[in-house]
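> Structure of the sequence below:
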Amino acid sequence: MASKIKVDQIQTADGTGTITLQNQLSGLTNASMPTGSVLQVVQAEYSTQTNFSTGTYADTSLSASITPSSTASKILVVVAANGCMKSDGNTATAMKIRLVRDSTEIAVFGLEMGINWINQNGTWGTTGTTKLDSPSTTSSVTYKTQCASHVNGQYVRLQHAGSTSSITLMEIAG
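Prediction:
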């Protein structure tokens, strides 16, 4: 049998005051959360079809910004990108995607298509990455993806046919 204690007030040990328990979470701040707690979550999605056909990285328009509450905080970044590739039929190709914090590359990932996978409509796929970043700032930080074709002239496409790519940022208490 579970026990319950019901009281109207709790008196301090020295008898000079009382403790009210009406709202046990009042005064709770990000700074008082234990290490590893999720402090905030930001998510962005993008579904406009975007083509790339050169080996030079270009912005994908998938980005999100977050302002950490402490320099000790870490940012968990989760990216899911939907893509399509089509080669000339004789060459394997790949989509190169990189994750950038402001202007600093922090991760590279992609999607590869071998010659045997090639068909008339191209090859679809989903790729992504997860990165635990330490920006060491309390200023706003922007995370974004950039894309390039592994082989010049071979097109790669994000958000093919209106599919959605997403980026999620989670501030983790440090």
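> Out of the helices and strands in this structure, which is least certain?
Least confident helix or strand, the chain: strand 18-19 with a mean of 72, by mean pLDDT, DSSP states H and E.
> next SSE after that one?
As assigned by DSSP states H and E, the chain's next helix or strand after strand 18-19 is strand 38-46.
> counting contacts, what elements does that following strand pack onto?
strand 58-66, strand 165-172 (3 or more C-beta pairs under 8 Å, 6 or more residues apart in numbering; DSSP states H and E). Glycine gets a C-beta too; all of them are placed from N, C-alpha and C.
> Could you say which of those is packed most deeply?
strand 165-172 (a mean of 21; mean count of other C-beta atoms under 10 Å).
> how distant is it from the center of its chain?
3 Å (C-alpha atoms, centre = their mean, to the nearest Å).
> ok so, going back, and Ala72, which of the helices and strands packed on strand 38-46 is closest to it?
Set against Ala72 and scored by C-beta to C-beta, the helices and strands packed on strand 38-46 come closest in strand 165-172, at 9.8 Å.
> Alpha carbons of the longest strand along the chain, in PDB - could you do that?
For the chain, the strand reaching the highest residue count under DSSP state E is reported as strand 74-86. Coordinates of the C-alpha atoms in strand 74-86 are reproduced here as PDB (Å, rounded to 0.1, in the frame of the first residue of the first chain):
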ATOM      1  CA  LYS A  74      26.600  21.000 -26.100                       C
ATOM      2  CA  ILE A  75      24.300  21.000 -29.200                       C
ATOM      3  CA  LEU A  76      23.100  17.700 -30.500                       C
ATOM      4  CA  VAL A  77      22.500  18.100 -34.300                       C
ATOM      5  CA  VAL A  78      20.400  15.500 -36.200                       C
ATOM      6  CA  VAL A  79      20.100  15.800 -39.900                       C
ATOM      7  CA  ALA A  80      17.900  13.700 -42.300                       C
ATOM      8  CA  ALA A  81      18.300  14.500 -46.000                       C
ATOM      9  CA  ASN A  82      16.200  13.000 -48.800                       C
ATOM     10  CA  GLY A  83      18.000  12.900 -52.100                       C
ATOM     11  CA  CYS A  84      17.900  11.600 -55.700                       C
ATOM     12  CA  MET A  85      20.900  11.000 -58.000                       C
ATOM     13  CA  LYS A  86      21.100  10.300 -61.700                       C
END
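> Would you mind pulling the contact partners of the next helix or strand after it?
With elements assigned by DSSP H and E, the helix or strand that comes after strand 74-86 is strand 93-101. Strand 93-101 is contacted from outside by 52, 55, 57, 60, 77, 79, 81, 83, 85-87, 105-113, 127, 129, 131, 133, 135, 141-151, 154, 156, 158, using C-beta atoms under 8 Å, 6 or more residues apart in numbering.
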